[in-house]
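Trainee: model this:
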Amino acid sequence: MEYEVIIGLEVHAQLLTKSKIFCGCSTKFGAEPNRHTCPVCLGMPGVLPVLNKKVVEYAMKMALATNCKITPFSRFARKNYFYPDLPKGYQISQYELPIAQNGYLEVIVDGKKNRIGITRIHMEEDAGKLIHDEHDSISYVDFNRTGVPLIEIVSEPDLRSPEEAAEYLRRLRDILRYLEICDGNMEEGSFRCDANISLRPNGAKKLGVKAELKNMNSFRNVSRALEFEIERQNEILEDGGEVFQETRLWDADQGMTLPMRSKEEAHDYRYFPDPDLLPLVVEKEWVENIRKELPELPSQKRERFIKEYEIPDYDADILTSSKALADYYESCVSLHPAAKIVSNWIMSELIRELKRDNKEIDECPLTPKHLAEMLKMIDEGTISGKIAKTVFVEMYQTGKEPMEIVESRGWVQISDQGELAKIIDEVVSLHPGEVKSFQGGKGKLLGFFVGEVMKMTRGKANPKLLNTLLKEKLQK
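Mentor: Residues are numbered from 1 along each chain as shown. Okay, here's the model as predicted:
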């Protein structure tokens, strides 16, 4: 039997506020354990939480950017469960009345566009962190992360493949980073994803029994975990077995999902409205003020790049994958308006160097001005494209200006017509037999003469001018 894959994603994004969601403690990463805590985030008796306004505004920005409807009246709820890293014995979240609902995000995979529904976006606090002792069977609890603000973005079960799920995650992360409300770092856990996946017979309307997958800390691991789970569930169903609803952990080393616990339902958490927090009322004026603050979003920038700079879709996808990279590209184009050439150098040479050094574009030592100046030198015939690649690497490594590098290395191209003509005359006089053969119809010998002139000039002859002068000389 053929089965249809049904995937829904729950994404937690840690917000880049300076203080926690319900208290004034710092959210800064990397402090000594339990230094960024207070009676509120530790859940001491008699304390009262106070909502951080910036968290609400960040949640509203993401809601508007993903076409969600912001609800004028939302409410916080207590999600009750016991775990050592949860000091209050409950997590403050939102349940039946979230801040935003009914949005969507469009993704393109293999040239096909699909609209992925977003069920809801809600605000909540993060839990602490368990640290397991490598030498003893004990664990420690660090509450620094307790109370750090999160938004949870819950998709509809509209995803149909691991590739589509990974692309949806990339698009979500791009938007969060453009809005500058989350750094999107999956490895550090500031952008986390749980996946719900089930299979159903093709043509069926009823959803199959789902498994929830956790512990996926990269786009590649999300794809690998989903691929494994599709195979696992398919084998069970083909053998006449039954898929159980459960939570499973992805083990990247073994390349498989492993059972963790039976999957909880909403009623297991005994949600009820938090009596310590007033309902949140969002007026239209507040929403419109937030809307005015939205930057140009990735999809908008992508369409503009294609139209304004006349670059291919593929180029636009890469160049708008981060706001910093898009800004870098536009800075270069403003100085050297050969949009496709600039795109080629950034996508091939620059991104290769950054990946090798594991750097982001905002850490790049090569400025847009230096790249534009080097490209201008190519256009003017000061250096060849081949030499430019060496200049590029040295600029990236040292931060020096291109002309400084070219002059110090003696790489300035010979573009003086008179000087080049003298060298051509000398080469031609040394090879009378080849001249006669060329004039007799062996046109491929032009490459021979180009090579000889390049040897004599140590590769510094302007190729375009050289070819023109050689043809004129040999055809006389």
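
Trainee: what are the pairing partners of the top strand by length along the chain, and which direction each?
Mentor: Counting by DSSP state E, the longest strand found in the chain is strand 112-125. Using DSSP bridges, strand 112-125 pairs in its sheet with strand 100-109 (antiparallel), strand 149-155 (antiparallel).

Trainee: pick the most deeply packed of those.
Mentor: Across the strands paired with strand 112-125, the average number of neighbours (mean count of other Cβ atoms under 10 Å) peaks for strand 149-155, which reaches a mean of 24. In this view, the C-beta of every residue, glycine as well, is placed from N, C-alpha and C.

Trainee: off-centre distance for that strand?
Mentor: The chain centre lies 18 Å from the centre of strand 149-155; the measure is Cα atoms, centre = their mean, to the nearest Å.

Trainee: mind putting the strands paired with strand 112-125 in a markdown table, distance to Lys284 and mean pLDDT included?
Mentor: Putting the strands paired with strand 112-125 into a markdown table (distance: least, Cβ to Cβ, whole Å; pLDDT from 0 to 100) gives the following:
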| stretch | distance to Lys284 | mean pLDDT |
| --- | --- | --- |
| strand 100-109 | 14 | 95 |
| strand 149-155 | 21 | 98 |
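
Trainee: let's have these in JSON lines, adding distance to Ala252.
Mentor: Below are those laid out as JSON lines (distance: least, Cβ to Cβ, whole Å):
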{"stretch": "strand 100-109", "distance to Ala252": "23"}
{"stretch": "strand 149-155", "distance to Ala252": "23"}
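
Trainee: Arg200: how many residues sit nearby?
Mentor: Around Arg200 there are 16 other residues, counting by other Cβ atoms under 10 Å.

Trainee: one more: Cys332?
Mentor: 25.

Trainee: residue contacts, it?
Mentor: Val342, Ile346, Pro368, Leu371, Ala372, Leu375 (Cβ atoms under 8 Å, 6 or more residues apart in numbering).

Trainee: in which helix or strand would I find the last one?
Mentor: With secondary structure defined by DSSP states H and E, Leu375 is part of helix 368-379.

Trainee: tell me the angle the following helix or strand past that helix makes with helix 368-379.
Mentor: Downstream of helix 368-379, the next assigned helix or strand under DSSP H and E is helix 385-398. Relative orientation of helix 385-398 versus helix 368-379 (axes from the mean of the first three to the mean of the last three Cα atoms, to 10 degrees): 160 degrees.

Trainee: next structured bit after helix 385-398?
Mentor: Toward the C-terminus from helix 385-398 - assigned by DSSP H and E - lies helix 402-409.

Trainee: name the residues that touch that next one?
Mentor: Against helix 402-409 from outside (Cβ under 8 Å, 6+ apart): 370, 373-374, 377, 382-383, 387, 391, 394-395, 398, 411-412.

Trainee: for stretch 389-399, same thing?
Mentor: Residues contacting stretch 389-399 (Cβ under 8 Å, 6+ apart): 345, 349-350, 353, 364-367, 370-371, 374, 383, 400-402, 405-406, 411.

Trainee: now with 7 Å?
Mentor: Glu349, Glu353, Pro365, Leu366, His370, Met374, Ile383, Lys400, Pro402, Ile405, Val406 (Cβ atoms under 7 Å, 6 or more residues apart in numbering).
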